[in-house]
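In: Please find the sequence and the predicted model below.
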Amino acid sequence: MSAFLMAAFLRGLSPGELAEMTRAMIESGRRLDFRDGGAPAVGKHSTGGVGDKVSLILAPLLAAYGLRVPMMSGRGLGHTGGTLDKLEAIPGFRTMLGLDEFQAVLADVGCAMIGQTEEIAPLDGRLYALRDVTGTVPSIPLIASSIISKKVAEGSEALVLDVKCGSGAFMVEEERAVELARTLVELAAEQGLETRALITDMESPLGRKVGNALEVEESIECLLGRGPGDLREVTLALAAELAVAAGTEPDAGAARRALEPLLDGGEAAERFARLIERQGGDARVVEEPGRLPSAPVRRQLDAPDSGWLARLAARDVGLAAVELGAGRTRVDQSVDPAVGFEIHKAVGEQVEAGEPLVTVHAASEEDAGRALARLTSALELAEEAPPARALVRYRVTREGATALTA
């Protein structure tokens with residue numbers, strides 16, 4: 001199998017080979033089916049980034065809208081965060097549910113968020129372990145088969161993909177991100193899964209908070225109609241594409257008009273509180289974020305000069321968060337839910353000398369000092385405003401890739 005993976009990595013797979021391999025991965029375990037005449041079951045997958053807490057907002061938002069969102073997620077590894085780590089920062093929240101309880105939560109709340117089980121596409125887990133040790137992880141066909149096999153087996157009827165590009169993304173170059181999105185969309189269509197993808201920017205962290213409890217807090221702010229504009233924009237863009245893919249709205253504009261009031265009116269936040277309670281967590285965190293874990297040490301990084309924030313490299317921020325304890329470099333490592341960063345100035349904003357740029361939340365003074373040093377190298381001030389970067393770059397469907405200007 002290692003030899004096969006190396007051959008696929010070096011020579012690629014034809015569309016027919018890729019489709020057959022994906023079918024075998026799906027059939028290696030249990031396949032959930034939600035086609036019972038009820039609301040469509042929909043899924044979302046992100047290729048990973050820094051500060052990417054979209055799933056925590058999107059799932060309850062779409063549940064409040066009337067779709068079913070059975071979501072199986074992963075943990076963070078390397079510089080990218082993981083949805084399970086964020087959810088487990090909520091006191092008592094259980095992510096490891098059996099499939100029967102998973103389906104019961106889904107029926108009750110409209111969404112459920114758990115870790116991947118060995119019953120779903122177990123062949124994918126074995127292949128991924130081999131890919132890791134054989135150096136074949138960055139292969140578009142192998143990435144695509146891994147993602148789509150799990151989403152089909154999870155019972156999704158429609159899927160939206162958030163394919164990141166930029167310094168904090170797995171696919172740094174925009175062209176490679178579009179190529180991956182095309183492969184994913186075409187492969188999903190082969191398996192009968194209606195799928196749309198957005199190429200979104202990950203040159204800088206998404207939102208203003210990085211770290212598990214801090215990202216939960218920011219997710220709650222967004223669910224209450226507040227929060228940073230970039231996080232809200234990406235969440236609504238992805239949710240709108242999913243509503244179109246599910247057939248409940250004619251276009252993304254109509255979908256956004258239906259979804260925005262659910263954020264601003266509090267319905268999505270209420271659904272998130274129900275999800276937390278149903279999965280054993282302390283739902284009071286929605287109204288009282290102070291119940292989330294907090295770090296004992298806070299240190300501030302101030303602007304050394306006046307100017308414009310021209311760079312805040314997402315990958316460097318993510319690595320600094322790992323070093324702080326918010327992430328892991330091995331799958332068997334634990335994380336500290338309380339530590340992370342609060343970003344006060346976004347790229348493109350003007351700053352004055354002495355203004356706070358980032359607040360470090362750390363477990364010790366030593367950890368905070370190391371994080372400040374790494375953050376200093378991650379940012380750059382300039383005398384002029386940097387060129388604006390589009391947040392949502394492309395929409396990719398079976399018809400092809402369309403450039404967007406959002």
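Out: Nice, thanks for sending it over.

In: low-scoring pLDDT stretches of the chain, where are they?
Out: 405-406 (pLDDT under 70).

In: Grab the nearest non-local neighbour of Arg232.
Out: Spatial nearest neighbour of Arg232, chain neighbours left out: Cys222 (5.6 Å); criterion: CB to CB, 6 or more residues apart in numbering. Any C-beta I mention is one placed from the backbone N, CA and C, and that applies to glycine too.

In: whoops, Gly340 was the one
Out: Gly211 (1.5 Å).

In: Count the residues that sit near the one you found.
Out: Gly211 is flanked by 32 other residues according to other CB atoms under 10 Å.

In: Give me the distance between it and Glu380.
Out: Separation of Gly211 from Glu380 (CB to CB, to the nearest Å) stands at 22 Å.

In: cool, Val54 as well?
Out: For Val54, the distance to Glu380 - CB to CB - is 26 Å.

In: Comparing the two, which shows the higher neighbour count?
Out: Val54 (27 against 14).

In: hang on, the more buried one packs against Leu231?
Out: Yes - using CB atoms under 8 Å, Val54 is in contact with Leu231, at 7.2 Å.

In: Now do the shared contacts for the two.
Out: Leu206 (CB atoms under 8 Å, 6 or more residues apart in numbering).

In: circling back to that earlier point, ok, now how distant is the residue nearest to Arg232 from Leu231?
Out: In terms of CB to CB, Cys222 sits 6 Å off from Leu231.

In: host element of the residue nearest to Arg232?
Out: helix 212-223 (DSSP states H and E).

In: Past that helix, which element shows up next along the chain?
Out: Next along from helix 212-223, by DSSP H and E: helix 229-245.

In: Contact partners for Val392?
Out: Applying CB under 8 Å, 6+ apart, the residues contacting Val392 are Leu198, Ile199, Thr200, Asp201, Glu233, Val234, Ala237, Leu404, Ala406.

In: Most neighbours among those residues, which one is it?
Out: Thr200 (30 neighbours).

In: Report the secondary structure state of it.
Out: Here Thr200 is strand, with the state taken from DSSP: H, G, I helix; E, B strand; the rest coil.

In: do you know how far it is from Cys165?
Out: Distance from Thr200 to Cys165, by CB to CB: 8 Å.

In: what residues are shared contacts of these two?
Out: Counting by CB under 8 Å, 6+ apart, the residues touching both Thr200 and Cys165 are Arg393.

In: what's Leu324 in contact with, if anything?
Out: Leu324 touches Gly211, Asp336, Val339, Gly340, Phe341, Val360, Ala362, Ala363, Asp367, Arg370, Ala371, counting by CB under 8 Å, 6+ apart.

In: what's the most distant pair in the residues you listed?
Out: Within these, two members stand farthest from each other by CB to CB: Gly211 and Arg370, at 15.0 Å.

In: Which residues does the helix or strand harbouring Ile143 contact?
Out: Counting by DSSP H and E, the element that carries Ile143 is helix 140-153. Residues from elsewhere that reach helix 140-153 (CB under 8 Å, 6+ apart): 5, 8-9, 12-13, 18, 21-22, 25-26, 29-32, 43, 45, 72, 116, 120-121, 123-124, 127-128, 131, 136-137, 159, 161, 176, 179-180, 183-184, 187-188, 191-193.

In: quick one: the residue lying closest to Arg274 once chain neighbours are set aside from Leu180, how far?
Out: Once flanking residues are discounted, Arg274 sits nearest to Val109: 5.0 Å by CB to CB, 6+ apart. Distance, Val109 to Leu180, using CB to CB: 32 Å.

In: just to revisit the earlier point, quick one: which of the contacts of Val392 is nearest Asp85?
Out: Val234 (19.5 Å).

In: how near is the closest one to Leu198?
Out: Distance from Val234 to Leu198, by CB to CB: 8 Å.

In: how about Asp302, what does it touch?
Out: By CB under 8 Å, 6+ apart, the neighbours of Asp302 are Gly354, Glu355, Pro356, Leu357.

In: Can you tell me which of these is closest to Gly207?
Out: Of all the contacts of Asp302, Gly207 sits closest to Leu357, with 15.3 Å by CB to CB.
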